[in-house]
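Undergrad: model the following, please.
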Amino acid sequence: MNRFARIFALATLTLAVLGCEARTDKSDGGGVLLSISDFDGLPTAISASGAVAAGQVVVEQITVQSVVKNPSQSTSGLMTVEIESYEVTFQRDDTGTRLPPRLKNFVFGSVDPGGTFVLENGPILRVDQLVNQPIRDMAEFGKDPETNSNVIRLKVGIQFFGKTISGDTVESAPAFFTLEVFP
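TA: Residues are numbered from 1 along each chain as shown. Sure thing, here's the model as predicted:
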């Protein structure tokens with residue numbers, strides 16, 4: 001009987017230790033959402049050859065807001081979001097089908113519950129996007145060979161990702177804007 005009690009106690013202790021993490025052993029009181037609330041210096045048209053020469057295209061400022069899911073409940077430090085990355089995706093907003101590869105950029109920062117995080121000069125196009133079709137063709141040939149047009153119209157999506165201090169994964173809904181690429 002004594003042996004059974006020791007095994008049971010050891011199993012209970014093991015489950016308690018493995019099932020609990022220092023950062024997640026408390027409730028975050030309802031959670032938060034991320035929302036992209038503002039853009040400043042948003043590029044709406046770029047020159048492909050100029051962008052290739054510069055090596056990147058940036059947004060001057062992107063503001064991400066932490067929205068408390070249940071505003072009638074009190075907030076805690078466990079609801080602070082540690083921003084980990086953002087992702088830029090592309091869709092064609094014209095008749096073309098070729099797309100630049102997505103961009104994933106790792107950043108760090110934090111946003112308190114109900115607060116804001118501002119990313120300054122965040123790249124939305126880097127060398128990987130600029131040296132691949134269709135932007136490369138626009139810079140080299142002055143047109144998109146697929147559509148025979150001298151304008152590429154892209155629907156650009158930006159989405160932020162992070163985790164609360166309590167360990168919950170948080171992401172914003174994608175925010176979209178139109179970007180026209182000229183030779």
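
Undergrad: would you confirm that residue 48 contacts residue 131?
TA: No: Residue 48 lies out of contact with residue 131 (C-beta atoms under 8 Å); the separation is 10.6 Å. Bear in mind the C-beta positions are built from the backbone N, C-alpha and C, glycine included.

Undergrad: more crowded one of the two?
TA: residue 48 (23 against 13; other C-beta atoms under 10 Å).

Undergrad: I'd like to know which helix or strand in this structure has the lowest mean pLDDT.
TA: helix 2-18 (a mean of 48; mean pLDDT, DSSP states H and E).

Undergrad: so how far is residue 49 from residue 84?
TA: Separation of residue 84 from residue 49 (C-beta to C-beta, to the nearest Å) stands at 34 Å.

Undergrad: which residues in this protein form strands?
TA: 32-40, 45-47, 57-68, 81-92, 103-111, 116-125, 152-164, 169-171, 175-182 (DSSP state E).

Undergrad: between those strands, which one is closest to residue 137.
TA: strand 152-164 (8.8 Å; C-beta to C-beta).

Undergrad: average pLDDT for that closest one?
TA: The average of the pLDDT scores along strand 152-164 is 98.

Undergrad: in that strand, what counts as buried?
TA: Judged by neighbour count using 16 or more other C-beta atoms under 10 Å, the buried positions of strand 152-164 are 152, 153, 154, 156, 157, 158, 159, 160, 161, 162, 163, 164.
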